[in-house]
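Colleague: pasting the sequence and the predicted model now:
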Amino acid sequence: MLGLLNQDPPLVDHDHEHDHSAWLSGRGLDVTGEACGTQSCPVIPQYGSRSLVDELLDRPKTRSPPTQLLVPTRQSHEVPVLFREAYIENGFRAINQPWQYYVCSFFQLHNESMNVWTHFLAAYLMAKKLVVFSQYIDFWNDTYSWTFLTGLGSATLMYATSTGAHWFQSHSEFIYYLSFMLDYASIGLYSFSSVMLHYTYSADKQVYEYMRDIYQPIGAILGFLTCFCSVVGLVLLRLEYPRARKACQTIPVAFIYILLVSPILHRIYMCQIHDMECELSIDLHTQQIIWFLLSALFFVSHFPQCVLPAASTTSSIATRCSTCASL
């Protein structure tokens, strides 16, 4: 008898204990000995530690809140300085939201709605023109049409990237810089292709022979400067020197526009001053020049925002009309 009392207590296999508790719980039995429905459950002995069921019952039941797809817009002072715009007081989207929120913001009124919608519509129209012309022009074999194909393709790309930049720029600082850098790259590419378009199809023989050897390298350099200066203004000058940034954006564009519109101005001059026969396209080119000058005026002066704070940017509409008229 004394030998039996002095023996060590039997070792408890806790893994087996947990397996046994789980087996009982799966069959509606309570390992704590509490009542199960109308019948009492067998009592399962406890071995020092809490049972598995107690641990599960004590866990807080939390649910992640559902994602709100259309978060109310913010005031300008509620967003970081990077995302603010001159003379825009409200309508800013919240930052660091899930991607589906920014996708759904396409159907929400905010400070970038006008830019998103007009760029998207222009991208659709350019893509539609590309499809329509491809049914009548053999772009694959007709080398003379390659410049025209480049112009349509670069215009579609520019408006597509601009749509994405204005659509998703509020996601984070990284996306803001990345999206607008891609936007400026596509603008530089389109600027160079516009030079090629005008000198290939719109310049008369006299102007073409005079500029034949220099318009391509000059256009390439100015197209690169259009992208480079815009990126420099975005990264280094946006916050502290907004006027210098505006100058970095507009000066290269002004020079490359003077280069690409020179053949058109020469044709208008010969048509109006020397009474030469005017082609039907002269009217469209004239409209394009007017729309471009209006868009430049709105872009530089921040009109009508400077007069009516919180108003949307009218320059986006004028710019799209300018491109549609030129093509």
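Modeller: Received, thanks.

Colleague: got the contact list for residue 204?
Modeller: Counting by C-beta atoms under 8 Å, 6 or more residues apart in numbering, residue 204 makes contact with 263, 266-267, 270. No exception for glycine: its C-beta is placed from N, CA and C like everyone else's.

Colleague: how about those residues in a markdown table, adding neighbour count?
Modeller: Shown next, in a markdown table, are those (neighbours: other C-beta atoms under 10 Å):
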| residue | neighbour count |
| --- | --- |
| 263 | 24 |
| 266 | 16 |
| 267 | 20 |
| 270 | 16 |
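
Colleague: can you put these in TSV and add pLDDT, secondary structure and distance to residue 163?
Modeller: Shown next, in TSV, are the contacts of residue 204 (pLDDT from 0 to 100; DSSP: H, G, I helix; E, B strand; the rest coil; distance: C-beta to C-beta, whole Å):
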residue	pLDDT	secondary structure	distance to residue 163
263	94	helix	30
266	91	helix	34
267	90	helix	33
270	87	helix	39
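
Colleague: just the closest of those to residue 172, please.
Modeller: Nearest to residue 172 among the contacts of residue 204, counting by C-beta to C-beta, is residue 263 at 43.5 Å.

Colleague: OK, contacts around that closest one?
Modeller: 198-199, 202-204, 207-208.

Colleague: excluding chain neighbours, what is closest to it?
Modeller: Once flanking residues are discounted, residue 263 sits nearest to residue 203: 3.5 Å by C-beta to C-beta, 6 or more residues apart in numbering.

Colleague: next: residue 297.
Modeller: Nearest to residue 297 is residue 303, by C-beta to C-beta, 6+ apart, at 7.1 Å.

Colleague: is it true that the one you found touches residue 294?
Modeller: No: contact status for residue 303 versus residue 294: not in contact, 9.9 Å apart, counting by C-beta atoms under 8 Å.

Colleague: remind me what the helix or strand that contains residue 131 packs against, helices and strands.
Modeller: Following DSSP states H and E, the helix or strand that holds residue 131 is helix 113-134. Judged by 3 or more C-beta pairs under 8 Å, 6 or more residues apart in numbering; DSSP states H and E, helix 113-134 is in contact with helix 146-168, helix 315-326.

Colleague: tell me the secondary structure at the closest residue to residue 224 other than its chain neighbours.
Modeller: Sequence neighbours aside, residue 188 is the residue nearest to residue 224 in space, at 6.2 Å (criterion: C-beta to C-beta, 6+ apart). At residue 188, secondary structure determined by DSSP: H, G, I helix; E, B strand; the rest coil is helix.

Colleague: which of the contacts of residue 263 lies closest to residue 153?
Modeller: Closest to residue 153, out of all of these and judged by C-beta to C-beta, is residue 198, at 16.4 Å.

Colleague: hmm, that closest one is touching residue 256, no?
Modeller: No: applying C-beta under 8 Å as the test, residue 198 and residue 256 come out as separate, 10.9 Å apart.

Colleague: overlap of the contact sets of the two?
Modeller: Counting by C-beta under 8 Å, 6+ apart, residue 198 and residue 256 have no common neighbour.

Colleague: what ranges of this structure fall below the confidence cut-off?
Modeller: 1-69, 309-327 (pLDDT under 70).

Colleague: need the contacts of residue 204 in CSV (columns: distance to residue 243).
Modeller: As requested, the contacts of residue 204 are exported to CSV (distance: C-beta to C-beta, whole Å):
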residue, distance to residue 243
263, 33
266, 34
267, 36
270, 39
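
Colleague: can you tell me which of the residues you listed is closest to residue 141?
Modeller: residue 263 (26.8 Å).

Colleague: looking at the contacts of residue 263, which has the most residues close by?
Modeller: residue 198 (23 neighbours; other C-beta atoms under 10 Å).

Colleague: show me what contacts that residue?
Modeller: Residues in contact with residue 198 (C-beta under 8 Å, 6+ apart) are 260-264.

Colleague: the same query, at a cut-off of 10 Å, please.
Modeller: If you count contacts by C-beta atoms under 10 Å, 6 or more residues apart in numbering, residue 198 has them with 147, 151, 207, 215, 219, 259-264, 285, 326.

Colleague: format those residues as a markdown table; extra columns: distance to residue 130.
Modeller: Below are the contacts of residue 198 laid out as a markdown table (distance: C-beta to C-beta, whole Å):
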| residue | distance to residue 130 |
| --- | --- |
| 147 | 14 |
| 151 | 10 |
| 207 | 28 |
| 215 | 24 |
| 219 | 22 |
| 259 | 25 |
| 260 | 20 |
| 261 | 23 |
| 262 | 26 |
| 263 | 23 |
| 264 | 23 |
| 285 | 21 |
| 326 | 15 |
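
Colleague: mind giving me the ChimeraX select for those residues, buried ones only?
Modeller: A single ChimeraX command selects the buried members of those (16 or more other C-beta atoms under 10 Å):
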select :147,151,207,215,219,259,260,261,262,263,264,285,326
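
Colleague: closest one of the contacts of residue 198 to residue 128?
Modeller: residue 151 (14.9 Å).
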